[in-house]
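[1] The amino acid sequence is not available; the structure is as follows:
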């Protein structure tokens, strides 16, 4: 997440899951020269590709004569990340394809270099990238769909770092509950503008007290809110306030497939619901 106050990074560490096999590898890597730059690289996709990108990025010197440790700004550093992804693709993609393995890697790269603001990028398998702006304050890679709704509802550029970290943990907990390919421990890094060093970082396992509190409280509060929402009213009077899911006389009908000619209807379809006024009028007639 890229916020007015800084940056929040959160990753899980599960790379493979099955009935009898779980593999764990750290996916959050820091490139730090305290007082001059602090950059974070997070990866998803094929582990061998992402590890190759990480190692090569630390050593690579681009055509402009600088590497990740000497890039003049975050845009040029992100361009180097994309360049390294393409180098690994050139080296490994053909051999992987021969074994039926796609070149699959995606990255989040962000941080701050002295003299400019915090910036955040998402880098794709082709080495191209996009940057986060106020209209899109965060990126997710990997299993993103389960934890996305809470971030969309809560996080804005003005959200504080602690609130954003709390939201990120709730988002990740939603993903952990719904997808076996995501698992503990988690790496959480919170970066405050202009600190140019890692000052808040924690690895979270199943014993972490705050994360356990998040899991319990969020689940309980969701259930309480759910139970407090009224049940729908079917075939309600037209002036029923708030809870009418359908009203008398509403023209909603399912798409019914016609019976074959060889089959006779077992029963007559029910008559459409009538209001009290309609029933009273029919009786008078």
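    That came through fine. Owing to the predicted nature of the structure, the values given are computational and were not obtained by experimental measurement.
[2] neighbours of residue 58, just the number please.
    By other CB atoms under 10 Å, the residues close to residue 58 number 14. To be clear about C-beta, it is placed using only N, CA and C from the backbone, and glycine gets the same treatment.
[3] Tell me how far it lies from residue 10.
    Separation of residue 58 from residue 10 (CB to CB, to the nearest Å) stands at 22 Å.
[4] Same check on residue 136?
    Separation of residue 136 from residue 10 (CB to CB): 17 Å.
[5] Comparing those two, which shows the higher neighbour count?
    Shown here are residue 136 and residue 10; by other CB under 10 Å, residue 10 has more neighbours (22 against 12).
[6] Can you say which helix or strand has the more buried one in it?
    strand 6-11 (DSSP states H and E).
[7] who's in contact with that strand?
    The contact list for strand 6-11 (CB atoms under 8 Å, 6 or more residues apart in numbering) reads 1, 26-28, 40, 42, 108, 110-112, 118, 120, 161, 164-165, 168-169, 171-172, 186-193, 195.
[8] Which SSE is immediately downstream of it?
    Next helix or strand after strand 6-11 toward the C-terminus (DSSP H and E): strand 14-17.
[9] same question for the helix or strand that that next one is followed by, mean pLDDT?
    Counting by DSSP H and E, the next helix or strand C-terminal to strand 14-17 is strand 22-24. What strand 22-24 shows for mean pLDDT is 82.
[10] Give me the sheet partners of strand 22-24 and which way each runs.
    With DSSP bridges as the test, strand 22-24 is paired with strand 14-17 (antiparallel).
[11] Please identify the buried residues of the partner strand?
    If you call a residue buried by 16 or more other CB atoms under 10 Å, then strand 14-17 has these buried ones: 14, 15.
[12] One more: stretch 190-203?
    For stretch 190-203, the neighbour count (16+ other CB under 10 Å) marks 190, 191, 192, 196 as buried.
[13] And the pLDDT for the third one?
    Reported pLDDT at residue 192 in the predicted model: 98.
[14] Residue 187: which element?
    Taking DSSP H and E as the definition, one finds residue 187 inside strand 186-192.
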